[in-house]
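**Student:** Compute the structure for the input listed below.
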Amino acid sequence: MKEHTTNFPLFTGAATALATPFSGGEPDLAAFESQVRWQIDMGIDALCVAGTTGEAATLSRSERRKLLAAAKPLTEGKIPLIAGCGSADTKTACTLCEDAKNLGADALLVITPYCNKGTKQGILEHYRRVAEAADGIPIIVYNVPSRTGVDLTLEQYKALAAIPNIRAVKEASPNMTKVTRLCAETPLAVYSGNDDMTLPVVSLGGSGVISVLSNLAPAAVSAMAHAAADGDFQTARRLAHKYARLVSLLFAETNPAPLKYAMELLGLCAGELRLPLAEVDGALKEKIRAEMTALSML
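**Tutor:** This is a model prediction of the structure:
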């Protein structure tokens, strides 16, 4: 992995926001390691462990550590390993960052504090303290208003960009005007946080996507993001159109419930979830199976 500068992203292309496989209520490390190996074999550009798709809010500190410890030797020298380190509590987020640094994470994904709905200055101070705890490890700020109830502003991003190890943004709001200005007016690398926004975000100057779909189709998502970054929009559009219906189905209920069912169909893991998430209904299962069949994934 090249040294980052203000003009060089942490990765270009696609990072998979890995789902966490469970068996009998506990993380299934054997299945998890198989996922990591398969993702690397398929050419994914980076991996994110214990993010929202990984059901991070239900993972204990010990479970996060086990997942990172399992992933690190498999990714070492191959692709960047990104650790989800977000929490509604600043002190906890700092502890998670320290753990991830000690376990060899190459970058940290830190969600805006949820539930608390921090004030403008409170959120900036949260990230300053997290950045101190990270002790030089690059941080990706994760803005996902649908889950946090807070939408970071361009002014906040500019303030955050002044913190040396805040290097990038995972932007999961639909505000394309803000995305355009983020790319134009800050040194931050911008990643789409929504699979259906990958092509427009990259076309505006973004560096890629942190993807849910790539749990199922890593090679295709990486190819789409790279094609867009290279200006090959014919290829990028073809791939975006091909998977558009499946992307919609993956978010028809709360992520990662539909994804876990799709992964079970592929034999990647059991479909087990942790409450308050629950198995998707039969009608959605049938639609997912039919679409994956149409895409020759099954």
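**Student:** So which residues of the stretch 1-150 of the chain form strands?
**Tutor:** 13-17, 22-23, 26-27, 46-49, 81-84, 107-111, 139-143 (DSSP state E, counting those that start in this stretch).
**Student:** Which helix or strand in the chain has the lowest average pLDDT?
**Tutor:** The least trusted helix or strand in the chain, going by mean pLDDT, DSSP states H and E, turns out to be helix 145-148, with a mean of 84.
**Student:** need the next SSE after that helix, C-terminal direction.
**Tutor:** helix 154-161 (DSSP states H and E).
**Student:** Can you list the buried residues in that next one?
**Tutor:** 154, 156-157, 159-161 (16 or more other Cβ atoms under 10 Å). To be clear about C-beta, it is placed using only N, CA and C from the backbone, and glycine gets the same treatment.
**Student:** The chain: helices as residue ranges?
**Tutor:** 29-41, 61-75, 90-102, 120-134, 145-148, 154-161, 176-185, 198-203, 218-229, 233-250, 257-265, 282-294 (DSSP state H).
**Student:** Quick one: closest of those to residue 111.
**Tutor:** Residue 111 lies closest, by Cβ to Cβ, to one member of the helices of the chain: helix 145-148, at 6.7 Å.
**Student:** Convert the C-alpha atoms of that closest one to PDB, please.
**Tutor:** Once non-C-alpha atoms are left out, helix 145-148 reads as follows in PDB (Å, rounded to 0.1, in the frame of the first residue of the first chain):
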ATOM      1  CA  PRO A 145     -27.700  10.300   8.100                       C
ATOM      2  CA  SER A 146     -30.300   7.600   7.700                       C
ATOM      3  CA  ARG A 147     -28.700   5.700  10.700                       C
ATOM      4  CA  THR A 148     -27.300   8.600  12.800                       C
END
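**Student:** So, low pLDDT: which residues of this protein?
**Tutor:** 1-8 (pLDDT under 70).
**Student:** Skipping its backbone neighbours, what lies nearest residue 133 in space?
**Tutor:** Using Cβ to Cβ, 6 or more residues apart in numbering and skipping the chain neighbours, the partner closest in space to residue 133 is residue 94 (3.7 Å).
**Student:** sorry, back to before: may I see the buried residues of helix 154-161 organised as JSON lines, with distance to residue 291 added?
**Tutor:** Shown next, in JSON lines, are these (distance: Cβ to Cβ, whole Å):
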{"residue": "154", "distance to residue 291": "37"}
{"residue": "156", "distance to residue 291": "38"}
{"residue": "157", "distance to residue 291": "36"}
{"residue": "159", "distance to residue 291": "42"}
{"residue": "160", "distance to residue 291": "38"}
{"residue": "161", "distance to residue 291": "39"}
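**Student:** that older thread, the residue nearest to residue 133 contacts residue 128, correct?
**Tutor:** No: Residue 94 lies out of contact with residue 128 (Cβ atoms under 8 Å); the separation is 10.6 Å.
**Student:** if you count what's nearby, which of these two comes out ahead?
**Tutor:** residue 94 (20 against 16; other Cβ atoms under 10 Å).
**Student:** Nearest to residue 191, out of the helices of the chain?
**Tutor:** Nearest to residue 191, of all the helices of the chain, is helix 198-203, at 7.4 Å by Cβ to Cβ.
**Student:** Adding distance to residue 167, write the helices of the chain out as CSV.
**Tutor:** Listed next are the helices of the chain as CSV, based on distance: least, Cβ to Cβ, whole Å:
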stretch, distance to residue 167
helix 29-41, 22
helix 61-75, 18
helix 90-102, 14
helix 120-134, 10
helix 145-148, 20
helix 154-161, 9
helix 176-185, 13
helix 198-203, 17
helix 218-229, 17
helix 233-250, 24
helix 257-265, 27
helix 282-294, 35
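**Student:** how about those helices, which one is nearest residue 19?
**Tutor:** For residue 19, the closest of those is helix 257-265, at 5.8 Å, according to Cβ to Cβ.
**Student:** Mind listing residues that contact the closest one?
**Tutor:** Residues from elsewhere that reach helix 257-265 (Cβ atoms under 8 Å, 6 or more residues apart in numbering): 19, 21, 53, 212, 215-216, 246, 249-252, 269-273, 277-280, 284-285, 288-289, 292, 298.
**Student:** Work out the gap between that helix and the centre of the chain.
**Tutor:** Distance, stretch centre to chain centre, for helix 257-265: 17 Å (Cα atoms, centre = their mean, to the nearest Å).
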